[in-house]
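Asks: no sequence on hand, only this structure:
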């Protein structure tokens, strides 16, 4: 045998099947141990006009499905965004919450120069990027998590 150790055929088979069982267990356990967090649910919304064609100062109001709210970015724990405004401000497309940050009242879009989102309850006026106008200490409107999915469609993440 020249110094080589010969394994018995039964030992080789047992070792082989042991490795197969071990690989199967690792394959089942690994995804559970290192699973990714669940993706936030989202809702697809069809629009009447293309967001890319939205002119500077243009606004599209978007409504969440009945009983749902959009996901809000940042530190707005109590803010429930049942609606939002997709706007083109300073050349960027962004989506801001559709209710006053302090009052919770639905905002009204007021076209003009400059176009604003107005809170009818508190009288606060917001620029289209969500920043309060002439209101010291007032918080800006929250941003909503969204993405463009087609020429006339967007996807907005829903809150949990």
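Replies: Yep, it's here. Only a predicted model underlies this, so the values are computations on that prediction, with no experimental measurement involved.

Asks: name the nearest residue to residue 74, sequence neighbours excluded.
Replies: Among residues not flanking residue 74 along the chain, residue 142 sits closest, at 5.7 Å (CB to CB, 6 or more residues apart in numbering). Where you see a C-beta, it was placed from the backbone N, CA and C, and this is true even at glycine.

Asks: cool, and residue 100?
Replies: Closest to residue 100 by CB to CB, 6+ apart is residue 119, at 3.6 Å.

Asks: what about the one you found, neighbour count?
Replies: Counted with other CB atoms under 10 Å, the neighbours of residue 119 add up to 24.

Asks: if we can go back for a sec, does the residue nearest to residue 74 really touch residue 100, like I thought?
Replies: No - counting by CB atoms under 8 Å, residue 142 stays clear of residue 100, with 10.9 Å between them.

Asks: quick one, which of those two is more surrounded?
Replies: Using other CB under 10 Å as the criterion, residue 142 and residue 100 rank with residue 100 on top: 24 against 21.

Asks: residues making contact with stretch 108-122?
Replies: 57, 59, 61, 85, 96, 100, 102-107, 124-128, 130, 133, 141 (CB atoms under 8 Å, 6 or more residues apart in numbering).

Asks: any regions of this protein where pLDDT drops low?
Replies: Within the chain, the segments meeting pLDDT under 70 span 1-7, 9, 29-40, 77, 135-137, 160.

Asks: where along it do the strands fall?
Replies: Per DSSP state E, the chain carries strands over the ranges 42-46, 59-63, 83-89, 92-97, 108-110, 116-118, 125-127, 132-133, 146-150, 153-157.

Asks: out of those, which comes closest to residue 75?
Replies: Closest approach to residue 75 among the strands of the chain (CB to CB): strand 92-97, 13.0 Å.

Asks: which strands and helices sit next to the closest one?
Replies: If you count contacts as 3 or more CB pairs under 8 Å, 6 or more residues apart in numbering; DSSP states H and E, strand 92-97 packs onto strand 83-89.
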